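# need a structure here:
(one chain, ligands or ions: 1)
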Amino acid sequence: MTAQPPDETGPMDDDWICARLGEDEPWILGAVNPPVFENSLFTFASATELGEAIKDEDERYVYWRGTNPTVDLAQRKLAALERAERAKCFASGMGAISATISSLVSAGDHVLVLGAVYGPTTQFLRYLEKFGVAHTHAGDLDACERAVTPATRLLYFESPSYMRYEIFDIPAVTRWAADHGLVTVMDNTWSTPIFQKPLTMGVDLVLHSLSKYAGGHSDLVGGVVAGPSRLIRPLALTEYQLYGAAMSPHDAAKVVKGLRTLPVRMSAHQERGLAVAAFLEGHPAVRRVNHPGLPSHPGHRLAARQMAGFSSLFSVELATESRAQVAAVVDELRHFRVGVSWGGFESLVNAPALTVEESVRVTMGVPVGLVRLSVGLEPAETLIKDLDGALQRITP
Ligand SMILES: Cc1ncc(COP(=O)(O)O)c(C=O)c1O
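Numbers count the residues shown, from 1 in each chain. Here you go, the predicted model:
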């Protein structure tokens, strides 16, 4: 199905994809919202017809665990946003990550992980060791060059990286990977396709947790992988079906709803996030702010080259080594709620030193004073005042 809008709406752009793509097909009773197809199965006029459909269960509506028209609508929008041929939605971001990696490796293969990635992604790679799949973490392309082996199949990364928000030169990474015959997979959850389109920079498969900005309302868990049909179709027919992490039509309807406002929400998140980050950067109780949108960030120029904007998840290194002081700051905040996840309408705070095991914090390479903020859609002045008050708890 084409992603082109009707002639009168002008060239395809992200706003059009988010607001309108696929929403009138089928256009039932003139309803402004497409129906939610609450069907665990679809029926056929004959057994022969059903048999034909089963052979192509990735594209045909047969059973919910394969696909569904509402899930398909979300997939079409996400594929168009990522400039991908195909997208496949999952019950969670981890569902997308585990199925994607599994589809690309076999026993004896090796995976390279560039930079810091989401913790459970690393845990999944460790889990794969029992099936004979090895992995190595590398901090940059020089380290990748040293770690690559004839068994390496896949290079996996995030940019910005997890927790530290380090920026990788995506075209350079994908050129290097292509020279070594590796498939590249990138988690683009932080930027959303509104701010970064990795496939246009040579990445083979891009994936997201839809539970963050894409959904945007903290009312769903979902994931997606997008890329060329030659890579999506095999995983849709095998890992998608066998692991069973299928997205429900109800969650797909929430994804569609979230996507309609994604471009406007992202510009509001960007503005508020940068205002809060700039305030924190000048605060005496703050050692460092890890936000690639700040000109002081070491990757800012590169980020500005390959990204169209910046989301509002970043970390702050408080000027303290004391867990008690970090806890006092977090507990003092009134407008940042304490919780995992990010990318929703509500501002959130999390402090790894207080919430993860010490060995995990050390492995993550994050200092005791590191606090992660997800800036929501509240007024920036309210959030700044809240932070200013809480930071008084840092004493020399
Ligand atoms: C960067 C990143 N990728 C993937 C995931 C996993 O997504 P989900 O929680 O939807 O399984 C998360 C969740 O926090 C994440 O932060």
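
# List, one by one, the residues from the stretch 1-150 of the chain near the ligand.
92-94, 118 (C-beta under 6 Å from any ligand atom). Just so you know, the C-beta spots here come from the backbone N, C-alpha and C atoms, and that holds for glycine as well.

# lowest-pLDDT helix or strand in this protein?
helix 358-364 (a mean of 86; mean pLDDT, DSSP states H and E).

# rewinding a little: let's have the residues of the stretch 1-150 of the chain next to the ligand in CSV, adding pLDDT and neighbour count.
Converted to CSV, those look like this (pLDDT from 0 to 100; neighbours: other C-beta atoms under 10 Å):
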residue, pLDDT, neighbour count
Ser92, 98, 19
Gly93, 98, 25
Met94, 98, 19
Tyr118, 96, 18
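
# got a markdown table for those, with distance to Thr43 and secondary structure too?
Output for these, formatted as a markdown table (distance: C-beta to C-beta, whole Å; DSSP: H, G, I helix; E, B strand; the rest coil):
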| residue | distance to Thr43 | secondary structure |
| --- | --- | --- |
| Ser92 | 29 | coil |
| Gly93 | 33 | helix |
| Met94 | 33 | helix |
| Tyr118 | 40 | coil |
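
# The residue located most distally from the centre of the chain and Pro69, how far apart?
Distance to the chain centre peaks in the chain at Ser46, reaching 41.4 Å (criterion: C-alpha atoms, centre = their mean). Note on Ser46: its distance to Pro69, by C-beta to C-beta, to the nearest Å, is 21 Å.

# Please apply the same query to Arg83.
Counting by C-beta to C-beta - Arg83 and Pro69 are separated by 23 Å.

# can you tell me which residues contact the residue of the chain at minimum distance from the ligand?
Nearest residue of the chain to the ligand: Gly93, at 2.3 Å (C-beta to the nearest ligand atom). Going by C-beta atoms under 8 Å, 6 or more residues apart in numbering, Gly93 touches 118, 187, 189, 207-211, 221-223.

# Tell me which helix or strand Val113 sits in.
Using DSSP states H and E, the element containing Val113 is strand 110-114.

# May I see the buried residues of the following helix or strand past that strand?
Following strand 110-114 in sequence order, the next helix or strand is helix 119-127 (DSSP H and E). By neighbour count on 16 or more other C-beta atoms under 10 Å, the buried set for helix 119-127 is 121-122, 124-125.

# What of stretch 32-48?
34, 36-37, 42.

# what about Leu81, distance to Glu145?
33 Å.

# Neighbour count for these two, which is higher?
Shown here are Leu81 and Glu145; by other C-beta atoms under 10 Å, Leu81 has more neighbours (25 against 11).

# which residue packs closest to that one, ignoring adjacent ones?
Pro193 (3.8 Å; C-beta to C-beta, 6 or more residues apart in numbering).

# Show me what the helix or strand hosting that neighbour is packed up against.
Assigned by DSSP H and E, Pro193 falls within helix 192-195. On a contact count with 3 or more C-beta pairs under 8 Å, 6 or more residues apart in numbering; DSSP states H and E, helix 192-195 meets helix 69-81, helix 262-281.

# again, only using 10 Å
helix 14-19, helix 69-81, strand 205-209, helix 249-260, helix 262-281 (3 or more C-beta pairs under 10 Å, 6 or more residues apart in numbering; DSSP states H and E).

# got these as JSON lines, with mean pLDDT columns?
Listed next are the helices and strands packed on helix 192-195 as JSON lines, based on pLDDT from 0 to 100:
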{"stretch": "helix 14-19", "mean pLDDT": "95"}
{"stretch": "helix 69-81", "mean pLDDT": "97"}
{"stretch": "strand 205-209", "mean pLDDT": "98"}
{"stretch": "helix 249-260", "mean pLDDT": "98"}
{"stretch": "helix 262-281", "mean pLDDT": "98"}
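
# need the residues of the stretch 251-396 of the chain near the ligand, please.
Counting by C-beta under 6 Å from any ligand atom, the stretch 251-396 of the chain sits next to the ligand at Ser341.

# Helices of the stretch 251-396 of the chain, start to end?
262-281, 300-306, 323-332, 352-355, 358-364, 380-391 (DSSP state H, counting those that start in this stretch).

# for those, which one ends up most surrounded?
Mean neighbours per residue, mean count of other C-beta atoms under 10 Å, is largest over the helices of the stretch 251-396 of the chain for helix 262-281, with a mean of 21.

# Alpha carbons only: can I get it in CSV?
C-alpha atoms of helix 262-281 as CSV (Å, rounded to 0.1, in the frame of the first residue of the first chain):
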residue,chain,number,x,y,z
LEU,A,262,3.6,12.6,18.0
PRO,A,263,5.1,15.5,15.9
VAL,A,264,3.5,18.2,18.1
ARG,A,265,4.3,16.3,21.3
MET,A,266,7.9,15.9,20.3
SER,A,267,8.4,19.6,19.6
ALA,A,268,6.9,20.4,23.0
HIS,A,269,9.1,17.7,24.7
GLN,A,270,12.1,19.1,22.9
GLU,A,271,11.4,22.7,24.0
ARG,A,272,10.7,21.8,27.7
GLY,A,273,13.5,19.3,27.9
LEU,A,274,16.1,21.8,26.6
ALA,A,275,14.8,24.6,28.9
VAL,A,276,15.2,22.3,32.0
ALA,A,277,18.6,20.9,30.8
ALA,A,278,19.9,24.4,30.2
PHE,A,279,18.8,25.5,33.7
LEU,A,280,20.4,22.5,35.3
GLU,A,281,23.7,23.0,33.4
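
# could you say what helices and strands that helix packs with?
Using 3+ C-beta pairs under 10 Å, 6+ apart: helix 262-281 touches helix 14-19, helix 69-81, helix 192-195, helix 249-260, strand 286-290, strand 313-318, strand 370-374, helix 380-391.

# again, only using 6 Å
helix 14-19, helix 192-195, strand 286-290, helix 380-391 (3 or more C-beta pairs under 6 Å, 6 or more residues apart in numbering; DSSP states H and E).

# Wondering if the second one reaches the ligand at all.
No: counting by C-beta under 6 Å from any ligand atom, no contacts exist between helix 192-195 and the ligand, the nearest distance being 11.5 Å.
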